[in-house]
Each structure stands twice: as C-alpha cells, then as structure tokens.
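> Structure for the following, please:
(chains A, B and C)
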Amino acid sequence: MLYQPQTRDQGHPAHQLRVRNLTTTLPTSKGHMAAVSDVSFDVAPGEVLGLVGESGSGKSMTLRSILRLAPPRAVLSGSVQWGDEQLLTVPAGRLRALRGRDIAMIFQEPMTALNPVLSVHRQIDESLAVHTDLDARGRRTRAIELLDLVGIPAAASRVDDYPHQFSGGMRQRAMIAIALAPQPRLLLADEPTTALDVTIQDQILKLILDLRDRLGMSVIFVTHDLGVVAQTCDRVAVMYAGRIVETGAVSEVFRAPHHPYTRGLLGSVPQSGDERRPLLSIEGTPPALSAMPKGCAFHPRCTFRSVRCEVELPLLGDIGAHVAACFHQAEVMAANRGGA
Amino acid sequence: MTAITQDTPVRRYSLRLSWPLVIGGVILFAGLLLAIVPELAAPYQPNAFDYKSILKPPSWAHPFGTDNFGRDMLSRVIYAYRVDMEIAVFATSFPFVFGTLIGALVGYYGGWAEAVLGRIVDALITFPLLVLVIAIVAILGPGLSNMYIAFGIIYWVFYARLIAGDMKVQRHLDYAAAGKVMGYSDLRIILRHLLPNVIVGGIVYWMTDMALAILIGSSLGYLGLGVQPPASEWGVLIAGGKNYMSTAWWITIFPGISIVLAGLGFSLFGDGLADLLRPRR
Amino acid sequence: MAGLGYILRRVALMVPTLVVILVVTFVIVRSLPGDPASAMIGDRATDQDAARINAELGLDRSLPVQFIFFVERVFRGDLGTSFSIKLPVSEVIADRLPATLILTAMAAVFALLLAVPLAFLAAIKRNRVEDVAIRSAFQVGLSMPVFYTGLVLLTVLGAGLHWFPVGGYGDDLASHFYHLFLPALAIAVTLAAILMRSLRSAIITVLDAEYLDFARSKGLANRVIILRHVLRNAFISTVTLLGLHIGTVVGSAVITETVFAIPGIGRLMIDSIYARDYPMVQGLTLVLAVLVSVIFLATDLIQAALDPRIAR
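Okay, here's the model as predicted:
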C-alpha cells in the first residue's frame, strides 16, 4: 500500500542533497577496494529516497560516507553537496556543526547504537547542548517533548531511564528521538526496522513518515526489504556491488523495472492474492569486493547478458528520470510486458 | 556418516605463521635442546667448585661470570633449563589432563556438577594462588614432587572451567544433536566429536600455564621451598646471588633473563598457536 | 543508582562465603603436621606439659566442639596466641597489617597509572608501531617473576643510585611511602601487564562500538566523545579487573615483602608456616580471606554504582 505523502515541503535549496560520483574505497589485505563506486543521486526537500540492495551492496557505506563516518582509513572521493556546501571537503568543525543539526542518522540496532551507561535524557541533552541555546531546564523539557513526539508513553517518567530499560520498539523510538532532537532537515536511516518485529516495524515506519511531514525533513531509507520501500518511499535507488543500477520513482520502478537485477528482486517477492506466478529467483550470490567481475558486475547472474556485458560497464544516465545501468533494458521491459 | 562430518565445524587451519609463533617456537626449541642435552652446551660442570675463580665478572672463560663458590654461571643456567623446563611440563600435565576430562564431563552434563565447579572456581580464583601453593608445600615439605602435588591440587580447576565453558557451547550445536540422533553413546560424542573442537582452547591455555609454572617454580625455588640447592634452578640461582647484588650482579641477572626468555617463549608460542588454530569457516 | 536493597543483598551473600572460610581455615590448620605442645615448649615437653597445653587449647575435645570454640573466639576478636612470638595473634596481625595494606594500595595505584594510559594508547593505535611496542614491553614485564623485578629495582635504584632505601619500612607515614615505593613498583609491573591486555581489549570494544558512530553523527566533538562515552565505559571494566586480580597482588606482596624485608603479613605468613605456628597461620588465613572478600564486595558495589545495567 502506497502512502500518499501530504503537502510537500517546497523547501529551501539549502536543504537539498546532491551526491555525484561518490566513491568510497576501504583498505583490505589486498589493497584498497571500492565499497561504493560512482554513486549519484539527489534528495529533494521532503522526499523519501529508498536505497535498496542485498547485504554488501554498499548501501550502508553510502550513508556513512555522506556524513564522513566511514572507517578511519577509507578514502572518499566525488561530491556530496548539501545546499551549497561540499560535505566531503568542509573542515571538521563545520562538519560537526552540520552533523545532527542538518543531517542526522539512525541505526539498525538500538541496543548497540545507544550508549548503555548513559540515560536517554543525557543522550538527548548532549545533542541539544551542542546544537541549541537552551538552558538545562529547557533541554529537559524539550527531551520530554521529544519522547512524547515519538510516541513513548509517560515520557516524563521515562526520560531518565537507561536504554536497557526500554523494549525493542521503544528503544528504536528513543533513538529516533535522540537523533531528531536538533530538528535536522535530512534523516539518514540505516535499516532502522530490520531488527524489529513486523508489527513494530509498521509502527516505526508510520512514525518516520509522520515526523517527515511534521518536521518537513527528507529521508534516505536504507533497506533490503522491498515491501518497506513500497510503503514509505517516493523514489528508489537500487544498488548492486557498490553501484546504483536503477533509480526512479517507486511506482514506476516497481511497476516496470528496467534492470534485470531489480526485476529479479521484485519477482522474488511472493505476492499474495495474485494469480500464481513462478517465483523468479536470482541464481548465484553477489560478488566479493576483491573478486569484482569485469564489465557489468551483475552479468554472471543475469539472464539477459551478452558479450558486451562482460567487458563494458553500463552507465546510469540522467538520474532525474527513471533510468537503469544496463545495455538490455529494452529486453527487460519486453519481458515485463510478457507477464513472466 | 556423511551427515555428521558435514555438520561438524570444519577446521581449516590457515597457515598463518605469525611472528609470535615463529619467535616463540624458536625460543622453545632452543630451550628444549638445552634441556635435553645440556652437556653439549655447557662448558663446565654446574657444581664444579673453583676456589681460584670466585665472584669473577663475565669474561671469555666465564661468559656469565662465576658465583661465590667459583661455579660457572653459564653452565649453571644451562643445566637449570632442564629443571625448569621439567617443572613447566610436569607441573601442568596433570592439571591439563585431569582438568580437561572433568571439564568435558561437567560441561556436557551440566546440572549440579556445573554449579559445584562454579563455586569451587569462584573460591579459588580470588584467593592468592601463590599463597595456597606455598601453604601446601609448607605442609608437605619442600621439594619438587610436593610442588607438583600442590599444582595438581589447585590448577586443574582452571582447565576444567575453560573446557566446561567451551563444551557447554559445543553441546548445543547441531552436530552434537546429530550424534545423539545417530545413537552414539554420550562418551563417544564427547570424546570423538566435541573434545577435538574444544581442546584447542585447552592447549593454548596450557602454553601460558607453563609460563606461569616456571614463574611459580622459580619463586618457590627462591624462597627455598622448591628445588633445593645445590641443584641448578633459576630461582635457586637468583637466591644464591641476592646477597651479592651490588658486587656480583651477574649471579642474579642472567638466571632472571632466562626465566623471562622461557616465559616469553611459551606465551608467544601460545599466542601464535591461538591465532593459527582459530577456526576459519 | 544501585539501591540499598542491592547493597544489603550483596553483603548477605558474603555470609556463606565467610562461613566456608572459617571452616576451611579450621580444617587446614588442624591438619598441619607437628604437635602444638612441642612447638610451644620445645623438646623438653613432658607428658604432663603436653596434657596441660592440650587442655588449655581445648585440643582434647572433639573436633566439632573445637570448631565451636574457635568460632566463638573469632567473634570475640581472640585469635589465640602465637607459638613463636608469644603474643596475641590479633595484636601481631594488627601490627603488621598496615604495611601490607599500604603496599597493596600503592601497587594498585602504580599499576593503574601504568596500565590505563598505555592500554588507551595501544587501543587507539591498534596494530601500529606504538601498539606492538607497548604490548611487547608488557609481555616482557609479565614474564618477569616478582622477586626478580624487585631485586633488580632494589639494586639499580636502591643500592646503585641511592634514590630509594634498600628495604625496611621507615618510622612515619611519609617514610613508609618512601620505603614502599620500590616494592610497590615491582608488584605493579606484573599487575599492570596483566591488566593492560584486558583493558586494551575492553577499550577496543568500546572504540568499535556503534554508539560512538551515533555520537559522532550527532555532531559531538571528539573530546566529548572520548571523555563521556569511551572512558566511562572502559572505566567500569578497569575496576572489575582490578578486583579480580587482587589475589595476584596479595601473592606478589608475599614474595616482595621477603625480598625487601618489609614487616607485613606476607612475610609473617611464610615465617609462621615454617614455624608451624598454628594460631598465627589460622589467624592470617582468616584475615587474608576476609580481606579479599571485602575487596570483592567493594569492587562489586563500585561497579554497580557506575553501571546502570546491573540489577537494582
């Protein structure tokens, strides 16, 4: 079920993210390997972008690279533009000012993302202390308001509790409250619902969308779950082996994928209530960083491949529209229409 | 049969010859040689008095100098290798074997035995072990065999705890259950399937334990409660030189360096072994 | 914060441990070979003397009765009279205890001063030159027996450079610290080596933790992150570790007191074991065991105070 986003925040150009040719290499025993290759996308104010892929596709590393939170010896190149600032090159002091205040991040497992020996209040407080001018009392009031906003009951009595005293879903809400304390304009969500029960997942997703509306912020949602993307995102970018292989509006991409991988992903999701169709599954596994195939990284597993795919790397094209990095898009679209 | 072997964790030993392994191995090997055939390396008899060369500093004739009886320190240190290496191995063998067996059984069956073992370990681990060993040796009388007995009484507990802990994890793994399904007796499962996976931790601990045995053995030797003079043992040698520290430092320094070297050999080798045997799936 | 309930529960847990300590001490000492009468009077003991002494010490009664007497006396603070020193055991122990306590405390402080900053440095520069150098140095320190370290320090810094006195205890508090500096350092070297390894691991775990990434993503300054997030978490492990290794410290103290001729209970222990001085050995074991239990309790309580995850 597709959520209809409410009024789009027309937004200040200062709150737009433009990523161009982002490449992140990590040092391994065999030299530097690219975990993220040449990734480009835009996120407009108020938009929810889904970043989808299997584990190891580079989606988490992409998020971390935006805020320069990659491992210490990683090398980042390309351009990450927030408003008119270049996040990859701004001085550390300015980056710290932007982190939290403009761009915030939430993680998959709240039990490891929250410091276990500090109370939730403290963890909200330290963020407010850095990014706002509120005094101690003001910060405490704001903290309680935030917990209330994310739906934690009896917020005033829970604000001094420690992470382990919350249940899984509540912990995730607490983490969201902490991240959103300074009212950022962009939220980077790294698989925030993956570790949660399905019912709670739903609640958290609704919460994120609700906050998106209320606070007018945009979201990059990293996940491997297509259902979540369908539920929450406006646009989607599909990643494979560190590259974006397809991007476009969710409705278009899901209805008519242009890339064999996307098609495979969509085809392998069992749909209840439809006429019975054979489940498409993709043979093989994603390549390891050190064993990247030449040409298109997906070609070993692709049913549409040709000789050209084995030597030449397909490029993405104009990221504003619905595009895919594939030489055989026409065939894929034909297969779609064929109903297989 | 194939079903079980497939589920058993495959131990592929990656040949990682790390520095600790190599250096430790070399030191241990050299020590082993000296322990087995000290006669080949030692220039003099360890107990040969030479009243004409008392308290001589290191020289070509006596690379490690001589003590107050004119005995050559280099030879004494070399002969002490045999004694201290013996201590390392013998003191720890019984605890290793006994502790592993008990630990395997306790870890597998759990229950009240586990609780009892836990209590014993808790009580022992905090109490100064050295004092316990000293106490036992004092009761039984000084000497090497009593030291082994003291070790045996106390140290098996640590192996038991280690093995029991590992065993507890292993017994819940699938291949253990598969063994039961196949109708293997408990004992066979423990000995043939689980123990080989678990023993690696024990072996590594054994290495560091041997280093510890040398430390304790030499401490007892120093206090006069272990090996008795005039036998060559590093602690005894150091005690012999303690009154001459300012005048004849070589009597205490060189045996001490040997203790450190031997201990390093065992710990480094143990570390390297742990690295080497870490299972790669 | 850990509630009063936790504290009381923890203290109550000590009781069975103390009981076990009492029983074990009693049994061990009764099994020491040698007979107290001749130990007290020497070989001239006649049968009447022996009988008289046995009656005095209550040794002619059955074991359980003896045990009850023993427990009763302990609670009154009467630990008997030493055979060799001819003074009440409790008096002698009280006289010698401070030296050992000061020595232990100093050793712990030195060990922390050595281990914590270096473990931190090693953790931050993981697998780089500094880390390898630090770990190697500590590995060597770990392989040095305490008596050797003590002797070397004694000779070089004491007899050689005359920076510190060569053993002994001194007369007033200040000279106590002065005299105990080298012995404490000797113990600290070994203790620090043991602590450093675990500390480094603990700090690495903290440094790798995702909550550090989360903290960074909030825009916090590095200094804040290190102080509030890293150190606080690492500190908890430090306290626990220290408590856990208190046995090592006491054991090292026993030897060190011998090397440096310090009038502490460690040396007393060895001397009285040699002399078959029942009451003294018994009293010392009791005191040592109680001391260790109390330190354990303290460690637990400190840990509970610092770590909110521990049950309230």
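> in chain C, which helix or strand is least confident?
helix C:36-41 (a mean of 54; mean pLDDT, DSSP states H and E).
> so where do the helices sit in the stretch 201-340 of chain A?
For the stretch 201-340 of chain A, the helices defined by DSSP state H, counting those that start in this stretch occupy A:226-232, A:250-255, A:260-267, A:307-311, A:329-338.
> Tell me which residue of chain A lies closest to chain B.
residue A:29 (11.6 Å; C-beta to the nearest C-beta). For every residue, glycine as well, the C-beta is placed using N, CA and C.
> Give me the neighbour count for that residue.
Neighbourhood size, residue A:29 [other C-beta atoms under 10 Å in any protein chain shown]: 6.
> Give me the secondary structure label for the most far-flung residue of chain A relative to its centre.
Ranked by distance from the centre of chain A (C-alpha atoms, centre = their mean), the top residue is residue A:137, with 34.5 Å. At residue A:137, secondary structure determined by DSSP: H, G, I helix; E, B strand; the rest coil is helix.
> Quick check: the gap between the residue nearest to the spatial centre of chain B and residue C:69.
The centroid of chain B falls nearest to residue B:210 when counting by C-alpha atoms, centre = their mean (1.0 Å). Here residue B:210 is placed at a distance of 45 Å from residue C:69 (C-beta to C-beta, to the nearest Å).
> what residues does the stretch 151-300 of chain C put near chain B?
C:151-152, C:154-155, C:159-160, C:244, C:246-252, C:254-255, C:258-259, C:269-270, C:273-274, C:281, C:288-289, C:292, C:296 (C-beta under 8 Å from any C-beta of the partner chain).
> Buried subset of those, written for PyMOL?
Per 16 or more other C-beta atoms under 10 Å in any protein chain shown, the buried members of these correspond to this PyMOL selection:
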select buried, chain C and resi 151+152+154+155+159+244+246+247+248+249+250+251+252+254+255+258+259+269+270+273+281+288+289+292+296
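> residue in the stretch 101-250 of chain C nearest to chain A?
Closest point on the stretch 101-250 of chain C to chain A, by C-beta to the nearest C-beta, is residue C:219, at 3.6 Å.
> what residues are up against that residue?
Counting by C-beta atoms under 8 Å, 6 or more residues apart in numbering or on different chains, residue C:219 touches A:96-101, A:127, A:130-131, A:182.
> just residue C:246 next, same as before
Counting by C-beta under 8 Å, 6+ apart, residue C:246 touches B:126, C:104, C:292, C:295-296.
> try 6 Å this time
Residues counted as contacts of residue C:246 (C-beta atoms under 6 Å, 6 or more residues apart in numbering or on different chains) are C:292, C:295.
> From residue C:111, how far off is it?
Taking C-beta to C-beta, one finds residue C:246 at 11 Å from residue C:111.
> Quick one: mean pLDDT over the longest helix along chain B.
Assignment by DSSP state H gives helix B:73-109 as the longest helix of chain B. For helix B:73-109, mean pLDDT rounds to 88.
> what about the stretch 101-250 of chain B, any weak spots by pLDDT?
B:126 (pLDDT under 70).
> helix/strand/coil for residue C:166?
Three-state assignment for residue C:166 (three-state DSSP): coil.
> Spell out which parts of chain A neighbour chain C.
A:67, A:69, A:96, A:99-100, A:105, A:107, A:112-117, A:127, A:130, A:162, A:164 (C-beta under 6 Å from any C-beta of the partner chain).
> hmm, try it at 7 Å
A:67, A:69, A:96-97, A:99-101, A:104-105, A:107, A:112-117, A:126-127, A:130-131, A:162, A:164 (C-beta under 7 Å from any C-beta of the partner chain).
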